[in-house]
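Asks: Let's see this in three dimensions:
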Amino acid sequence: MRILSILGARPQFIKHASLQKHFVEFGIDEVLLHTGQHFDDNMSKVFFSSLSLKPPTLQLEIQSTNSLIQLGEMLGEMQKRVGGERFDWVIVYGDTTSTLAGSLFAKENSLALAHIEAGVRSFDMNMPEERNRVLCDQLSDKLFAPNESACENLLKEGVRGDVILSGDVMEEGFELFSPLAQKPEGLSEESFILCTLHRQSNVDHQDRLHFLLEGLGKIPTKILLPLHPRTKKRLEEFSLSLPRNIIALPPQGYLQTLWLLKNAQMVMTDSGGLQKEAVYAKKPCLILREVSEWGEFVECGASYLLGNMELNEAYSKTLLNFLPLDLNLKEKPTLKIVKELLKEKKG
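Replies: The predicted structure follows:
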């Protein structure tokens with residue numbers, strides 16, 4: 001069997017790490033294509049080395065930060081590099097521009113498409129990630145859903161592909177790599193909150209970014225903020241400075257992020273992946289958004305949505321209402337995925 005795996009953003013590297021070992025185990029010939037969506041070394045190359053992933057077979061040089069330009073460049077480069085080659089499956093992960101590009105490439109080349117983490121919904125089509133998820137799911141031949149809620153969403157939408165409840169590959173990755181967590185250099189032993197901000201809806205609008213920074217500045221605890229390139233650019237563009245209690249860190253490798261997560265008092269984030277990992281680590285999590293694609297964690301009290309509240313009020317409510325969730329994987333999702341792919345060759 002020959003598989004084309006398409007990666008481009010950090011969460012996809014994490015999901016792929018657990019899957020890749022089974023490709024070797026089952027003798028699957030994999031072509032690993034890295035779109036270069038995250039082209040900063042700290043947000044890309046470091047993950048391959050720290051997670052012991054094999055280097056990409058193909059590396060695209062995508063330099064634009066505009067998602068539409070990225071999409072066009074990715075499709076053009078994919079067609080030049082692997083257009084016309086035959087694969088039994090093209091695998092895409094999550095909800096990024098790389099996910100959408102890989103899905104469109106597969107269908108334009110009459111290749112079977114498998115989407116890992118299918119069916120996840122925030123029901124907010126203003127989010128580019130939501131649009132990517134919906135489009136990819138409609139194109140996919142096999143849809144690997146992380147939970148029952150995702151399966152129900154896919155069935156309601158009438159997708160044409162096979163819906164499979166695989167379990168959450170990110171949870172498997174967290175369990176695999178959590179013992180390897182590494183403390184970032186130069187950090188003191190003080191109590192801290194881990195915060196990440198990078199979504200367009202939060203950082204691309206000056207008033208919204210100012211509102212969030214002002215709210216974070218009222219929190220009576222030191223906040224560590226690994227600074228995403230998009231956020232750094234907007235801070236400079238809007239002439240905004242960080243409050244005194246916020247310490248900016250450079251983008252962190254995954255193992256360093258795990259250490260920050262495991263040692264934080266709580267987590268504040270607009271990331272879909274980090275909010276899940278906070279649940280796995282049993283940390284209170286304030287989601288800096290109005291909606292979440294992981295609503296089941298909000299419903300059970302494992303995380304809390306900012307919504308339209310003042311941030312310091314939501315901070316207090318997150319700590320007050322926090323209910324840690326016990327999760328135990330009964331079956332390895334990545335092994336189930338590989339076995340499903342091996343059942344039939346569709347390319």
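
Asks: For the closest residue to His210 other than its chain neighbours, give its distance to Phe211.
Replies: Distances taken as Cβ to Cβ, 6 or more residues apart in numbering put Leu240 closest to His210, at 6.2 Å, once the chain neighbours are dropped. All C-beta spots, glycine's among them, are computed from the backbone N, C-alpha and C. Going from Leu240 to Phe211 by Cβ to Cβ, to the nearest Å gives 11 Å.

Asks: what's around the residue nearest to His210, how many residues?
Replies: When counting by other Cβ atoms under 10 Å, one arrives at 15 neighbours for Leu240.

Asks: ok, it touching Leu213?
Replies: Yes: Leu240 is in contact with Leu213 according to Cβ atoms under 8 Å; the separation is 6.3 Å.

Asks: and the residue nearest to His210, what is it in contact with?
Replies: By Cβ atoms under 8 Å, 6 or more residues apart in numbering, Leu240 lies in contact with Gln206, Leu209, His210, Leu213, Arg234.

Asks: Quick check on those residues: which are buried?
Replies: Among the contacts of Leu240, those scoring as buried are Leu209, Leu213, Arg234 (criterion: 16 or more other Cβ atoms under 10 Å).

Asks: Which of the residues you listed fall in helices?
Replies: Leu209, Leu213, Arg234 (DSSP state H).

Asks: Of those, which is the nearest to Ile28?
Replies: Among those, Arg234 lies closest to Ile28 (Cβ to Cβ), at 41.6 Å.

Asks: How about that closest one: what's its closest non-neighbour residue?
Replies: Nearest non-adjacent residue to Arg234, counting by Cβ to Cβ, 6+ apart: Val203, 4.7 Å away.

Asks: Show the backbone phi and psi for that neighbour.
Replies: For Val203, the backbone dihedrals (degrees, to the nearest 10) come out as phi -110, psi -20.

Asks: Let me know whether it touches Arg230 as I believe.
Replies: Yes: with contact defined as Cβ under 8 Å, Val203 and Arg230 form a contacting pair (5.9 Å).

Asks: So for the two, which sits in the more crowded spot?
Replies: It is Val203, of Val203 and Arg230, that has more neighbours when counted by other Cβ under 10 Å, with 23 against 16.

Asks: so who does that one touch?
Replies: Contacts for Val203 (Cβ under 8 Å, 6+ apart) come out as Leu197, Leu209, His228, Arg230, Thr231, Arg234.

Asks: Isn't the fifth one up against Leu197?
Replies: Yes: checked against Cβ under 8 Å, the pair Thr231 and Leu197 is within contact range at 5.3 Å.

Asks: Could you look up the SS state of Glu175?
Replies: Under DSSP: H, G, I helix; E, B strand; the rest coil, Glu175 falls in the helix class.

Asks: Tell me if Leu4 really is in a strand.
Replies: Yes: the assignment for Leu4 is a strand, going by three-state DSSP.
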